[in-house]
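1. Here you go, sequence then predicted model.
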Amino acid sequence: MSDVMFIGKKVPRDDARDKATGTLRYFSDYPQSNMLHGAVLRSPYPHARILKLDFSQALTMPNVVSVLTADDIPGLNGFGICNSDQPVLCSDKVRFCGDPVAVVLAEDAASAKAALGSVEVVYDRLQEIRTAKQALAPNAEKIHPNGNLCTNFDFTSGNVEEYFTDEYIVVENTYTTQYQEHAYLETEAGFAIPHADGAIEVFHPAQYGYRDRMQLGKILNLPLEKIIVHSTPLGGGFGGKDDMSLQPLLAVAAMKTGRPVRISIDREESFLYSTKRLPFHIHIKTSASRDGRLMANKVVAVCDCGPYTGISSAVLNYALENACGVYRFQAIDIKGDCVFTNNAHTGAFRGFGNNQLNFAVESQIDELSMRLGMDRHDLRRKNLIKSNETLNYGQNHGGCDGLHHAMDLMEKSKLWQNREAFKAAASAPHLKRGVGIAASQHGNGLGNALPNSGTAKIVLHSDGTFEVYVSLEEMGQGLLTSIHIIAAEALKTEYEKITVINGNTALAPDTGSTTASQATFVGGNAVLAAVSDLTNKASKALGGRDLQIQNEIILDGKPSSWQDVAFLLPEADLVGEGTFEVPIADVKIQIGLHYIHTHVCQVVGVEVNTQTGKVDILETEILPAAGTVINRIGYEGQAEGGVIMTMGYTLMEYYRLNEAGQPLTRNFQTYLIPTIRDMPDIKVTPVENPQSDGPYGAKGLGEPVTIPGTPAIVNAIYDAVGVRVYDLPATPEKVLSLLHD
Amino acid sequence: MLKIKQTIYPDSLSEALALLHEGGFRPYAGGTDLIPAIRDGRLKDYSFLMMSRFKEELSGISLDADNNLRIGAMTLLRDITESKLIHQYIPVLAEACAMIGSMQIRNRATIGGNIVNASPAADTVPVLTAAGALIEISSVGSVHHVPIGEFATAPGKTILRSEALVTAVVLPIPEGGWSGSYMKAGIRNALTISIASAALLHNPEQGWRIALGSVAPTVVRAQPLEKVFNESGSISKSSFDQILSTVAKPIGDVRASARYRLDVLNNVLYHAYEQRGISQ
């Protein structure tokens, strides 16, 4: 693109200095005066009825002011992104270890915590549902009145059985994946302030403050304008701050007591209560003709929803939307169940079900290529989806030229081209090296089942400076800076003349959720629409004079500036607003299909220590086709972070529950994420085929960069030592036991 | 908030020993093992005797006239990894220290703390055990030495009495020094508790010394394996495995199963056994 001032440059983050010097305030950093402090009493059992709850003793404890229970909830005792089946505070039963039952409110945090033991709760234990099999058994204890199936999925096209005959090469396997903990640095913490006019102001990190406000309205029985939500900054989210956590407790407590209320939870409580990535059990049968054309794909996937729906039904649907990866099949049969259990609560996690299914699909492709005697890259290339063809559900899509381009570049990459030399360079006979590849697609936005739009607002002040208002959240992904760059480019004004304001429902319009890798796409486009509106309004306010933005401001055909324009305006502030609607696929089946996709390829070089089973990733190249790069530093940071997060998921992050349903991995002492010493050389190669309806051709990056890593690593391990990992994580113990078999 | 009763800061070793003699205090050196224990609520009723003000008295590495290497108990792990004397006489100790925690931890953690914490996974202990180290224990009016193999009795438990401090580690260095290697199996490359570990030391006169970590309640000398290493000829892997099992009796826990711990040691040690002629 010609003459860009900011797009694609290396721009330091707007909040980098504040974060590095510690001056940025997170919601746990605000000083507390007259605040009450809350401690949450949580269920010790996975499944039980509450027979009795008596907090009279707790009220006599030092500095205790009040105890909150389900009886204190003014409106609906329920919330949840897809279904409101999660109680704010449990009244009749508890459904997982960690389910909140009461909140003790005291003058200080230590007194609140000390009084927890004085709240008497009598439980009647119920059958604990720990597996999908138990959940779906005929006489299983019902976790919810409608039973233990949260949602299911069933779609067929063509007849897969035709392609599972001896004429074809058929690969059939079962893949399983584990829980993953988001491990954001900032544990959940926030406060709520009640106002004299009955309004409640909530300060708590969240990925969609507007949705929190809507849900709180129902819980508090208040109109929306009486609720203000501050949701930014977040010290990391990754999908784990999409569901509400402490917000309802804070709001109800503030309302009941008439005082500000603060709750901050430590790492162990965050591990216990917060959502995890859904574990999946995937049975997949894939066939190809003997000349290497993919024919049929049959998938049966079961995932663990935990105790409440949350967003898990959408995770199953989205996982299965991606059950065929980036390949076109002749026939597909895709089924899935999302099942309630009394295990950990699960929810959105960067990749949203696609990580799990892509692991299965890309492993299948490698196994097929081996059976066919075909080069792993060639088999993929031969069967890629195309821009001018529909995808497997029969839907149209926004193009995949970037995918083809990325595959070409991956084939030419040094690591792939020189893989034999890489493998031969191992420094000892017991160290075996291998190279693996994978490709992926990832939809941007919510899919066509849901309304999906965003609004931005721009204010021009009389001194020629701007404020850009978007409700999108800054959770460390650099979104604020991307919006800032896009606004600066669109307005062709100095970067410093713009301030971006976000994460506040009283100030910013609803720009959609900061999820689904859509914030840059939706927010950026909304900003462009707002700039266009502002320019039109400015022109009208000047009595219809000709105002254009090209490489600079042009007024009546002569170079000008926003400062000059603002000076001429009759009113002090001029406001522009714009809304962008995400384009949707033309086919609607039971799930929401996506139209815009980001495609990512990755090649990984590993070294396996055959004495210990330990897998080290020595180098990797990731090639995202995410349209135009908006901020070069931010883009590389996202890609590197995604590579590492996926490396952790694949090799070492092993969140487990014990027999009693409590976390076995309680904190970072036993839940291990990669350190800087585990980080390989990472080459980020942006593949910048522009997305025609993206802002300056950009589209989403945040989740897509986590998808291909798992199968690329697993495929590399196979290349190194001839064993295939079907069950994640590929810990040293897992790999060594496969080597011994 | 960390709940502890009290902290005191004596200015000298003798003042510290006098206070410990009175009773009621637990010594706190670098604190890198104590902070997680305090946070987990395991040490909430303790008072701590902070050792920072007299750390110079207990830091430093020197070689005496009898070729004993003396390492002060409060010597930082970082300093051991960088010490010329250590690299000259027993470089494998520097190697093992470099695998502990992270750079930040090694900038605070002390060798004394690693020994007194008595985790069977402590990474300094297998090398010191193989080298026949002595632990110097001081209390009011007394200094004596205990072979390191007798120091720890169970996970987290030692013979150290509450009125005493470990003040140094003393290593007799044989002619030619100790060569060797330290193997640590873990799940990631830093900040990882060892799942199984082995120190292999060699000296032309003394022959082979082997000590194993994380496969018994304390670190253990593997004399039966040393015998095999010191003999010429070669035994089969399965025979080797059998001998190893008489010394290594690991348990399974959240980090790894017992089977895995044994398998890793089998693989690594047998490989070292086959290479022993070459790697001396």
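-> Thanks, I have the structure now. Numbers count the residues shown, from 1 in each chain, chains lettered A, B, ... in the order given.
2. Quick one: the strands in chain B, in order.
-> Listed in chain order, the strands found in chain B under DSSP state E are B:6-8, B:26-28, B:47-50, B:61-63, B:68-72, B:134-139, B:142-147, B:152-154, B:157-158, B:165-172, B:179-185, B:196-203, B:207-213, B:220-221.
3. Just put the ones you listed in TSV and tack on mean pLDDT, mean neighbour count and distance to chain A.
-> Using the backbone N, CA and C atoms, a C-beta is placed for each residue, glycine as well. Shown next, in TSV, are the strands of chain B (pLDDT from 0 to 100; neighbours: other CB atoms under 10 Å in any protein chain shown; distance: least, CB to the nearest CB, whole Å):
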stretch	mean pLDDT	mean neighbour count	distance to chain A
strand B:6-8	92	12	18
strand B:26-28	95	19	20
strand B:47-50	95	18	19
strand B:61-63	98	15	26
strand B:68-72	98	21	26
strand B:134-139	98	21	27
strand B:142-147	98	12	30
strand B:152-154	98	16	21
strand B:157-158	98	15	20
strand B:165-172	98	22	25
strand B:179-185	96	23	5
strand B:196-203	97	26	9
strand B:207-213	98	25	14
strand B:220-221	97	19	20
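4. Nearest to residue A:416, out of these?
-> Between residue A:416 and these, the shortest gap by CB to CB is with strand B:179-185, which sits at 31.1 Å.
5. just checking, what packs against that closest one?
-> Using 3 or more CB pairs under 8 Å, 6 or more residues apart in numbering or on different chains; DSSP states H and E as the contact test, the elements touching strand B:179-185 are helix B:91-97, helix B:125-130, strand B:196-203, helix B:258-274.
6. Can you lay out those as JSON lines showing distance to residue A:558?
-> Shown next, in JSON lines, are the helices and strands packed on strand B:179-185 (distance: least, CB to CB, whole Å):
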{"stretch": "helix B:91-97", "distance to residue A:558": "72"}
{"stretch": "helix B:125-130", "distance to residue A:558": "79"}
{"stretch": "strand B:196-203", "distance to residue A:558": "77"}
{"stretch": "helix B:258-274", "distance to residue A:558": "77"}
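7. Which of the ones you listed has the highest mean neighbour count?
-> Of the helices and strands packed on strand B:179-185, the one with the most neighbours on average (mean count of other CB atoms under 10 Å in any protein chain shown) is helix B:125-130, at a mean of 29.
8. And residue A:713, which helix or strand is it part of?
-> In this structure, residue A:713 sits in helix A:709-721 according to DSSP states H and E.
9. Please enumerate residues in contact with the one helix or strand in chain B whose mean pLDDT sits lowest?
-> Using mean pLDDT, DSSP states H and E, helix B:34-39 stands out as the lowest-scoring helix or strand of chain B, at a mean of 88. Helix B:34-39 has contacts (CB atoms under 8 Å, 6 or more residues apart in numbering or on different chains) with A:669, B:2, B:3, B:4, B:28, B:43, B:44, B:48.
10. ok, now stretch A:264-271?
-> Applying CB under 8 Å, 6+ apart, the contact partners of stretch A:264-271 are A:28, A:40, A:42, A:98, A:109, A:181, A:187-190, A:246, A:273, A:655, A:663, A:665-668, A:671.
11. redo that, cut-off 10 Å
-> A:27-28, A:37-40, A:42, A:98, A:109, A:113, A:181-191, A:240, A:245-246, A:263, A:272-274, A:344, A:655, A:663, A:665-669, A:671, B:39-40 (CB atoms under 10 Å, 6 or more residues apart in numbering or on different chains).
12. do the same with stretch A:413-422
-> Contact with stretch A:413-422 is made by A:376-377, A:409-411, A:424-425, A:433-437, A:601-607, A:618-621, A:623, A:681, A:683, A:685, A:716, A:719, as judged by CB under 10 Å, 6+ apart.
13. Find the nearest non-adjacent residue to residue A:642, please.
-> Once flanking residues are discounted, residue A:642 sits nearest to residue A:705: 3.1 Å by CB to CB, 6 or more residues apart in numbering or on different chains.
14. Neighbours of the one you found, how many?
-> Using other CB atoms under 10 Å in any protein chain shown, residue A:705 is surrounded by 30 other residues.
15. ok, it touching residue A:620?
-> No: using CB atoms under 10 Å, residue A:705 makes no contact with residue A:620, being 11.3 Å away.
16. can you list residues touching both of the two?
-> Joint contacts of residue A:705 and residue A:620 (CB under 10 Å, 6+ apart) are A:602, A:640, A:643, A:684.
17. excluding its backbone neighbours, what's nearest the third one?
-> This points to residue A:643. Closest residue in space to residue A:643, ignoring its immediate chain neighbours: residue A:682 at 5.4 Å, by CB to CB, 6+ apart.
18. Might you report the residue contacts of residue A:104?
-> By CB under 10 Å, 6+ apart, the contact set of residue A:104 is A:36-41, A:55, A:58-59, A:61, A:64-68, A:111-119.
19. Please indicate which of these are buried?
-> A:36-41, A:55, A:58, A:61, A:64-68, A:111-116, A:118-119 (16 or more other CB atoms under 10 Å in any protein chain shown).
20. Can you name the residues that contact the spatially most central residue of chain B?
-> Taking CA atoms, centre = their mean, the centroid of chain B lies closest to residue B:125, which sits 2.0 Å from it. Going by CB under 10 Å, 6+ apart, residue B:125 touches B:96, B:111, B:114-115, B:117-119, B:133, B:148-149, B:151-152, B:197, B:199, B:211, B:213, B:218-219.
21. Could you rerun that using 7 Å?
-> With contacts defined as CB atoms under 7 Å, 6 or more residues apart in numbering or on different chains, residue B:125 is in contact with B:115, B:148, B:213, B:219.
22. What's the local residue count around residue 120?
-> You didn't say which chain, so I picked chain A. Counted with other CB under 10 Å, residues neighbouring residue A:120 total 12.
23. hmm, I had chain B in mind actually
-> A count of nearby residues for residue B:120, using other CB under 10 Å, gives 23.
24. Now do the same for it: its pLDDT.
-> You'll see residue B:120 listed with a pLDDT of 97.
25. ok, now which ones touch it?
-> Contact partners of residue B:120, counting by CB under 7 Å, 6+ apart, are B:155, B:213, B:214, B:216, B:217, B:218, B:219.
26. is it true that the fifth one touches residue B:156?
-> No: using CB atoms under 7 Å, residue B:217 is not in contact with residue B:156, being 9.7 Å away.
27. what about stretch A:502-516, distance to the chain center?
-> Once both centres are worked out by CA atoms, centre = their mean, to the nearest Å, stretch A:502-516 turns out to sit 16 Å from its chain's centre.
28. Could I get the buried residue list for that stretch?
-> A:502-505, A:508-516.
29. Lowest-confidence one in those?
-> For those, the pLDDT minimum is residue A:503, 82.
30. Next one, pLDDT for the nearest residue to that one once chain neighbours are set aside please.
-> Among residues not flanking residue A:503 along the chain, residue A:232 sits closest, at 2.6 Å (CB to CB, 6+ apart). On pLDDT, residue A:232 comes in at 92.
31. what's the answer for residue A:471, then?
-> Turning to residue A:471, the model gives it a pLDDT of 94.
32. Quick check, it in contact with residue A:506.
-> No: between residue A:471 and residue A:506 there is no contact under CB under 7 Å: 10.5 Å.
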